[in-house]
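K.L.:
sequence isn't available, so here's the structure alone:
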């Protein structure tokens, strides 16, 4: 399911030297079933792959800094791919992609980078932002980008609870454990360097979290658990115990996807 059908790949692009292309991508996650290509559903990666193939005339394989889930947004996702030398005119590709994929997907910063640069493995940290509209009344203008919580939240308790999240931990309590083909158990140890709440006024709450990397659904699970603290369902002092127990049943429910944005990649 895509917005357009690509032109047949050019035979000339099937062999010869290649160069690595880096670009920055922003998108509204609402129309997409996540970033990664998935047959039968529309994804950010699927639309981008077909659009790039259409523009440069040869197939590409995309690598991204963070695979966002269904409904999750991105402000500055980093993407890399290889293309035949000279096939990519950065200005033309930028203009064409924005025409083919906009307004749901916007592209900029298209550059040629060294061959060893990789959007995923060259990233040293990722930063996510989560927005909450904390008010008895819903706001139709933020419904697509924030979680509406209609009960008052204790901001001071949520701020205090963040302390336990910072540092290197096994975040099994906040993640879906991936299945590995080799049968080994995947590590869910991550290093969080910042986790903080901001009150932007008028019921607008903003959570910022940065880590070396994140496991699947980790941020939404952390936010859901911290909101439980804000509601008085959990105490700030319980968070470290939940982390140490590594029991998914002890954490809160997933926060909805529309409040989450991959904000930046370092």
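P.N.:
Received it, and whenever you're ready, just let me know what you need. Small disclaimer: the values here were computed from a predicted structure and weren't measured. Numbering: from 1, shown residues only.
K.L.:
show me where the stretch 101-250 of the chain has its strands.
P.N.:
Ranges of strands in the stretch 101-250 of the chain, per DSSP state E, counting those that start in this stretch, are 105-113, 126-134, 147-149, 167-170, 189-199, 204-211.
K.L.:
residue contacts, residue 76?
P.N.:
Residues near residue 76 by Cβ atoms under 8 Å, 6 or more residues apart in numbering: 24, 25, 26, 262, 263, 264, 265. Heads up, the C-betas are built off the backbone N, CA and C, glycines and all.
K.L.:
give me the phi and psi for it.
P.N.:
Here is the backbone geometry of residue 76 (degrees, to the nearest 10): phi -150, psi 60.
K.L.:
hang on, the earlier thing: could you dump the contacts of residue 76 to JSON lines with secondary structure, distance to residue 189 and pLDDT?
P.N.:
JSON lines is the format used below for the contacts of residue 76 (DSSP: H, G, I helix; E, B strand; the rest coil; distance: Cβ to Cβ, whole Å; pLDDT from 0 to 100):
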{"residue": "24", "secondary structure": "strand", "distance to residue 189": "29", "pLDDT": "98"}
{"residue": "25", "secondary structure": "strand", "distance to residue 189": "28", "pLDDT": "98"}
{"residue": "26", "secondary structure": "strand", "distance to residue 189": "30", "pLDDT": "98"}
{"residue": "262", "secondary structure": "strand", "distance to residue 189": "21", "pLDDT": "98"}
{"residue": "263", "secondary structure": "strand", "distance to residue 189": "23", "pLDDT": "98"}
{"residue": "264", "secondary structure": "strand", "distance to residue 189": "23", "pLDDT": "97"}
{"residue": "265", "secondary structure": "strand", "distance to residue 189": "20", "pLDDT": "97"}
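K.L.:
so who does residue 55 touch?
P.N.:
Contact partners of residue 55, counting by Cβ under 8 Å, 6+ apart, are 92, 93, 96, 97, 100.
K.L.:
ditto for residue 259
P.N.:
130, 131, 132, 145, 146, 147, 223.
K.L.:
burial count for the nearest residue to it once chain neighbours are set aside?
P.N.:
Distances taken as Cβ to Cβ, 6 or more residues apart in numbering place residue 147 nearest to residue 259, at 4.0 Å, with adjacent residues excluded. Counted with other Cβ atoms under 10 Å, residues neighbouring residue 147 total 22.
K.L.:
what pLDDT does residue 147 get?
P.N.:
Looking at residue 147, its pLDDT reads 98.
K.L.:
for it, name its beta-bridge partners.
P.N.:
In this entry, residue 147 is beta-bridged to residue 132, by DSSP bridges.
K.L.:
re the thing from before, from the strands of the stretch 101-250 of the chain, which stretch is densest packed?
P.N.:
For those, the largest average neighbour count (mean count of other Cβ atoms under 10 Å) is found in strand 126-134, namely a mean of 22.
K.L.:
ok and it relative to strand 189-199, angle-wise?
P.N.:
Calculated by axes from the mean of the first three to the mean of the last three Cα atoms, to 10 degrees, strand 126-134 forms an angle of 40 degrees with strand 189-199.
K.L.:
which outside residues touch strand 126-134?
P.N.:
With Cβ under 8 Å, 6+ apart, strand 126-134 has contacts from 65-66, 75, 139, 142, 145-149, 152-153, 194, 203-214, 219-220, 223, 227, 255, 259-266.
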